[in-house]
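Chemist: Would you be able to build a 3D model of this:
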Amino acid sequence: MSDIEIKLEPQDEYNHAPDEASNYNESMYFNVFDHQKKMGGWFRLGNRPNEGYAEMTCCIYLPDGRIGFMFGRPEITTNEVFDAGGMKFDVIEPFKSLRVQYNGKILLLDNPKDMLNPSKAFKENPRVACKADVNINGISPMFGGQAVRKDGKPLDTDPEKSFSKAHYEQHTAGSGSIIIDGQEWTIEGLGLRDKSWGPRYWQAIEWYRWLTININDEIGFMFSIVHQSEDSERRGGIVLKDGKYQSIKDCRIETEYDEDHFQKTFTAWAKTDEDEYEVKGKVLSLIPLRNRRNTPDGESLVTRITEGMTEYTYNGIVGYGMSEYLDQVIDGKPIGP
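Modeler: Residues are numbered from 1 along each chain as shown. Prediction:
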C-alpha cells in the first residue's frame, strides 16, 4: 500500500513560501472560450521570486483568426501575490471564484505563425492597447494537489529535473469583457484553470500533449500525456460528467500535422473505470511559442510550445478548448510523435 497521498487545501489557492531552489515557480493559468462568438484566450502568470521576475503571458484568439499576444518578464520582489506586467489574479473564494485582469499592450498578429521568429514578429506587427476583465467560477470539483507522504513530509525532488511539485486543475465558466485597440467583446464562456508550484524548468520534459475541453457546462475533458524520458511516460486526465470527475486511466492521441509540424486535427481516446470516450479536435487558430535556456555548460536548450484554440466534437456535440503541444527541439526539429 502506497504511503503517498494527494493533499489540497483552500489555502493552496494563495501563494506559498518559495523553496530554496533557484528555479522555484508558482503559476496560475486560465483559459476561457465563448462558444457563440468562437473567441477566447488564456492568461498565465508564473512567479519566479528567487530569480527576481515573473513570466506573464496573455493570448487572445479573435473571431476573424487574428491573435493578440504579449509576453513579458517583469521584475518582482515577492511571491505573495499574482500581480505583474499589467496582469493580476485575485482569489475571491477558494475553489469557487477568481478574477483575471490584464491592462497593457498586446501584439496584434494577422498571421500568428509570425511568432516562429519572435524578434521579427515584434518588430513588424502593431502593439495596441488591451484590457481584459474576466470573472472565473468553478463548475467542477478540484483535481490534483501536492503529493506528500502520509506522515505529512514532502517528496524529495531534483530541481534540475522538476516541472512542479504540486499541480491542480478545475473546469470553469468565465464572463467579462475584452477590449483590443478600442473594440470591445463581451464574453460568456467555458474553460479550465490550473495552478502549479515548485521548481520548474521547461526543459524537464521531453514532450507533452495537453488538451483542455469544454463540450458544454456538463461535459468536459482534460487529456494529458507527459513523456519525461524513454523510461517515464504518464497518460491520464479527467472526464467531467454529471458534476463529477472520472479519472482517465489510459489515453492516446493521434495527430495530423501541417507543413510546420503544428497540430492540425486529431482524435483522442480515453478510458475510465466507468466508460470509454472518443473526442475529435480541429485547430481553428494556433500560435507557436518557445522557451530558451542556456545550461551552465553553455548548451542552448530550446522548447517549442504550440497553443491552439480548438473545436472539439464529442457524440455529435461541438465544444471548444485548447490543444497545447510541448516539444524539446533537437537539431531544429520537435522530438515528439
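Chemist: now Trp207: how far from Lys271?
Modeler: 22 Å (Cβ to Cβ, to the nearest Å). Any C-beta I mention is one placed from the backbone N, CA and C, and that applies to glycine too.
Chemist: between those two, which one's more packed in?
Modeler: Trp207 (19 against 16; other Cβ atoms under 10 Å).
Chemist: and Pro10, what are its phi and psi?
Modeler: With angles defined as degrees, to the nearest 10, Pro10 sits at phi -50, psi -30.
Chemist: number of nearby residues for the nearest residue to it once chain neighbours are set aside?
Modeler: By the measure of Cβ to Cβ, 6 or more residues apart in numbering, the closest residue to Pro10 outside its immediate chain neighbours is Pro94, 3.8 Å from it. Neighbours of Pro94 under the rule other Cβ under 10 Å: 15.
Chemist: do you know how far Pro94 is from Arg290?
Modeler: Taken as Cβ to Cβ, the span from Pro94 to Arg290 is 34 Å.
Chemist: Would you map the helices across the stretch 51-200 of the chain?
Modeler: 118-124 (DSSP state H, counting those that start in this stretch).
Chemist: Just the element for the closest residue to Glu206 other than its chain neighbours, please.
Modeler: Nearest residue to Glu206, sequence neighbours excluded (Cβ to Cβ, 6+ apart): His227, at 5.1 Å. Assessed by DSSP states H and E, His227 sits inside strand 219-229.
Chemist: Which residues does that strand contact?
Modeler: Residues outside strand 219-229 that contact it (Cβ atoms under 8 Å, 6 or more residues apart in numbering): 140, 143, 169, 171, 190, 192, 204-215, 233-241, 248, 251-253, 268, 270, 277, 279, 312, 314, 317, 319, 336.
Chemist: got the angle for whichever helix or strand comes after it vs strand 219-229?
Modeler: Later in the chain than strand 219-229, the nearest helix or strand by DSSP H and E is strand 232-241. Using axes from the mean of the first three to the mean of the last three Cα atoms, to 10 degrees, the inter-axis angle of strand 232-241 relative to strand 219-229 is 180 degrees.
Chemist: And strand 232-241, what does it pack against?
Modeler: strand 219-229, strand 244-248, strand 250-257 (3 or more Cβ pairs under 8 Å, 6 or more residues apart in numbering; DSSP states H and E).
Chemist: now these in TSV, with distance to Ile180 and mean neighbour count?
Modeler: Shown next, in TSV, are the helices and strands packed on strand 232-241 (distance: least, Cβ to Cβ, whole Å; neighbours: other Cβ atoms under 10 Å):
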stretch	distance to Ile180	mean neighbour count
strand 219-229	27	21
strand 244-248	34	17
strand 250-257	30	16
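Chemist: Figure out which of those strands is closest to Asn31.
Modeler: strand 219-229 (11.2 Å; Cβ to Cβ).
Chemist: Adjacent strands (with direction) for that closest one?
Modeler: strand 207-214 (antiparallel), strand 232-241 (antiparallel) (DSSP bridges).
Chemist: for the helices and strands packed on strand 232-241, which one sits closest to Gly198?
Modeler: Taking the helices and strands packed on strand 232-241 one by one with Cβ to Cβ, strand 219-229 is closest: 15.0 Å.
Chemist: Just the CA atoms of the closest one, as CSV, please.
Modeler: What follows is strand 219-229, C-alpha atoms only, in CSV (Å, rounded to 0.1, in the frame of the first residue of the first chain):
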residue,chain,number,x,y,z
ILE,A,219,-19.4,17.6,-20.2
GLY,A,220,-15.7,18.3,-20.2
PHE,A,221,-12.3,16.6,-20.5
MET,A,222,-8.6,17.1,-19.9
PHE,A,223,-6.2,14.7,-21.6
SER,A,224,-2.5,14.6,-20.5
ILE,A,225,0.3,12.6,-22.0
VAL,A,226,3.7,13.6,-20.4
HIS,A,227,6.8,11.9,-21.8
GLN,A,228,9.7,12.7,-19.4
SER,A,229,12.1,10.1,-20.9
